[in-house]
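*Asks:* Got a predicted structure here, sequence first:
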Amino acid sequence: MQNSEIARQFEELADLLEIQGANPFRLRAYRNAARTIWGLPDSVQDIVESNPGELQELPGIGKDLAEKIVIIVETSTLPQLEELKEQIPADVVRMLDIPGIGPKKVAFLFSELSIQSLDDLKAAAENGVIAEQKGFGKKTEQIILEGLEHLSQAGNRVRLAEAKAQSDAIIHDLSQLDSVQQISEAGSCRRRKETVGDLDVLVTSSQPAEVMDALEAHELVNKVLARGDTKQRVRLNSGLELDLRVVPEESYGAALLYFTGSKEHNIVLRRRSQDRGLKLNEYGLFREDELVSGKTEEDVYKTLELPWIPPEIRENRLEFEAAENDSLPDLIELKDIRGDLHMHTTATDGTASILEMAEGAKAKGYQYIAITDHSKRVTMANGLDAKRLRELWKEIDKVQDKISGIQILKGIECDILEDGSMDLPDDVLSEADWVIAVLHYGL
DNA sequence: GCCGTTTTCGGCCCGACTGTTTTCAGTCG
Ligand SMILES: Nc1nc2c(ncn2[C@H]2C[C@H](O)[C@@H](COP(=O)(O)OP(=O)(O)OP(=O)(O)O)O2)c(=O)[nH]1
Ligand SMILES: [Mg+2]
Ligand SMILES: [Mg+2]
C-alpha cells in the first residue's frame, strides 16, 4: 500500500471525527501523522513488514497511531474508519469543502436538520429552512448555494509558474505606491512549492486602506471576498485567490515569517518561543508585552537561537534538527546549473542555430551544452538520418572553433522504435558524445 | 493522540474577519 493512501485514510478519519466533535488536539495528531506519512521517503508498508517497532520513532507517531498504521497496511482499512463512514455519508463530509462552512455547521445540518446529501442541502437552502436556524442566516444560505455550485473547483491548486507570474505582476504594481513600504510574496509561492493553493502577499504600510484600495482596483482583480483593517482576500480573474496582509514596518520580519509558513513551521517556532518565556505572532516576538525582535526574519530566528532557515524547507520536516546541528543544506540555485544536455536547433524543430544556442547558454553561465536534435522517425520535426546527423556534427566542430568558454557536445535524441530497436544504427550512435534514448511513438 | 534534560499529566500557536449576535462562535490565515 502506498504511503499516500495511508495518509488519506488518516485525513478522512480526522474529518469524520471532527464532524463528530472530537478533541481538536486528537485531530491534529491524526493530521500530523498523515502529513508525516505522506512526506516520508520510505515505504511505510516496508517498515511494517520488516520492523514495525520503527514506526513509533517517527515524529508524532506513538503507540496508538503505530497500531492503526499496522492495521491499515495489513487489512487495507481501519474498522473505526469503516464504522464512521457508515454513520456519516460521504456527501456530508464533502460539505466541509464549501468555503465558510466548517465542522460545527456541518454537524448541525446533519444531526439537527437530517441533511444527508448535497441534494438535501441544496433543497434546504433553497426553501429557506437553513436561514431560519440559530447561528445561520440569509448570508449563510447564500454561501452554501454558491459553494455548492463551485464544489468541483474546491481545493484546486495551480502550478508554481502560473501562480508566480500573477503574484509578481501584482507585487510589481503595488510596489509603485507611496503608501507601500516593503512588499513580498509569501505563503507556498515563496516556499516554492510545486503547486500553490492561493497567493499570499505581505505589505508594510501605515496606510493599509490605501493599499487595499489599490489592490481592489488592480486589473487582475475580479472580486473582493473579505476586507478588514489588516487583511484582504480577493479573487483574481484567473480564479486564483489572493490574501493580502498589511502590518506596520517594525513587524516586517515577524509577519513575513508568519505569512510564509508553513503552518507547521510556525507552530514549532511559536512553541519554541513559549519554551523561552516569549510569545511569537505576526507582529513580533514579545517578552511580556515588550517587543524583543521582529524587524527581520533573521532577528526572530536569532532570538530563538536558530540560523535563518530558507523558505523552501520550512515544512517542519527535519529543518529544525538540521538548524540545531548546523547542518542546513545548501539549496541548489539557478546559478548552480552548469549545462544543458537536451537542446534542439533549426536542424529539426528548434528555433535557433547551434551558435545562437551556444551563445545563449554561455550568457547563462553554462559550461557545456549538448545539441540533441531528433532522429528520423520524428518526421513531423524533420528528424535526422545518419547522414544529416554527421553533417550536423561537422557543423558543431565549425561553431566550436568560433566560440570559446563553452563546450558543445555532439548529441542526438534518438527514438526507440515500436519494435524496441533504435532509430539510428549503432555505428553512428557510438560516434556521439551523448545519446538520449526516447519514446515518442507506440506508447 | 502525542509528548517530556523542570513534567508520565496537562498542556497542545495565535490572531483576523464575518455573520449573527448583543458579546461571540465559527471559520480561516
Ligand atoms: N500560525 C499560523 N499560521 C498559519 C495558519 N494557517 C496559515 N498560516 C500561515 C502560514 C501559511 O503559509 C500562510 C498562508 O496560508 P495559506 O493557507 O495560504 O497556506 P500556504 O500558502 O502555505 O499553502 P497554499 O498553497 O496556499 O495552500 O499563513 C495557522 O493555523 N497558524
Ligand atoms: Mg497560500
Ligand atoms: Mg492564503
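*Replies:* Looks like it came in fine. Ligands and ions are numbered 1, 2, ... in the order given.

*Asks:* And the residue of the stretch 151-300 of chain A that's closest to ligand 1?
*Replies:* In the stretch 151-300 of chain A, no residue comes nearer to ligand 1 than residue A:261, which is 2.1 Å away by C-beta to the nearest ligand atom. All C-beta atoms are positioned from the backbone trio N, CA, C, and that covers glycine.

*Asks:* Surely that residue is in contact with residue A:187?
*Replies:* Yes - using C-beta atoms under 8 Å, residue A:261 is in contact with residue A:187, at 6.2 Å.

*Asks:* who's more crowded, these two?
*Replies:* residue A:187 (24 against 21; other C-beta atoms under 10 Å).

*Asks:* average model confidence for stretch A:142-154?
*Replies:* On average, the pLDDT along stretch A:142-154 is 95.

*Asks:* Need the contact partners of that stretch.
*Replies:* With contact meaning C-beta atoms under 8 Å, 6 or more residues apart in numbering, stretch A:142-154 is reached by A:94, A:97-101, A:118, A:121-122, A:125-126, A:130, A:239.

*Asks:* So for it, what gets flagged as buried?
*Replies:* A:143-144, A:147-148 (16 or more other C-beta atoms under 10 Å).

*Asks:* Redo those residues as a markdown table? Include distance to residue A:224.
*Replies:* A markdown table is the format used below for the buried residues of stretch A:142-154 (distance: C-beta to C-beta, whole Å):
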| residue | distance to residue A:224 |
| --- | --- |
| A:143 | 15 |
| A:144 | 20 |
| A:147 | 18 |
| A:148 | 22 |
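
*Asks:* Sort out which of those residues are in helices and list them.
*Replies:* Among these, the ones falling in helices (DSSP state H) are A:143-144, A:147-148.

*Asks:* Which of these sits closest to residue A:307?
*Replies:* residue A:147 (43.2 Å; C-beta to C-beta).

*Asks:* roughly how far apart are the closest one and DNA strand B?
*Replies:* Shown here: residue A:147 relative to DNA strand B, a distance of 9 Å by C-beta to the nearest atom of the strand, to the nearest Å.

*Asks:* from what I can see residue A:19 touches residue A:94, true?
*Replies:* No - at 11.3 Å, residue A:19 does not count as touching residue A:94 under the criterion of C-beta under 8 Å.

*Asks:* Pick out whichever of these two has more residues nearby.
*Replies:* Shown here are residue A:19 and residue A:94; by other C-beta under 10 Å, residue A:19 has more neighbours (24 against 17).

*Asks:* what residues are up against that one?
*Replies:* Contacts of residue A:19 (C-beta under 8 Å, 6+ apart): A:88, A:92-93, A:96, A:103, A:106-107, A:110.

*Asks:* now do residue A:12
*Replies:* A:81, A:85, A:93.

*Asks:* Mind checking which of those residues are buried?
*Replies:* Buried among these by 16+ other C-beta under 10 Å: A:81, A:93.

*Asks:* could you dump stretch A:265-277 to PDB, C-alpha only?
*Replies:* Extracted C-alpha coordinates of stretch A:265-277, given in PDB (Å, rounded to 0.1, in the frame of the first residue of the first chain):
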ATOM      1  CA  HIS A 265       6.800  25.500  10.800                       C
ATOM      2  CA  ASN A 266       5.000  28.400  12.500                       C
ATOM      3  CA  ILE A 267       3.700  26.200  15.200                       C
ATOM      4  CA  VAL A 268       7.100  24.900  16.100                       C
ATOM      5  CA  LEU A 269       8.600  28.400  16.200                       C
ATOM      6  CA  ARG A 270       5.700  29.500  18.500                       C
ATOM      7  CA  ARG A 271       6.200  26.600  20.800                       C
ATOM      8  CA  ARG A 272       9.900  27.300  20.900                       C
ATOM      9  CA  SER A 273       9.100  30.900  21.800                       C
ATOM     10  CA  GLN A 274       6.900  29.700  24.700                       C
ATOM     11  CA  ASP A 275       9.700  27.500  26.000                       C
ATOM     12  CA  ARG A 276      11.800  30.600  26.300                       C
ATOM     13  CA  GLY A 277       9.100  32.600  28.000                       C
END
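
*Asks:* That one near ligand 1 at all?
*Replies:* Yes - Stretch A:265-277 lies within reach of ligand 1 by C-beta under 6 Å from any ligand atom, at residue A:266.

*Asks:* Mean confidence (pLDDT) on that stretch, please.
*Replies:* Here stretch A:265-277 scores 97 as its mean pLDDT.

*Asks:* outside of that stretch, which residues touch it?
*Replies:* Contacts for stretch A:265-277 (C-beta under 8 Å, 6+ apart): A:257-258, A:279-281, A:285, A:287, A:300, A:304, A:306, A:309, A:314-316, A:319-320.
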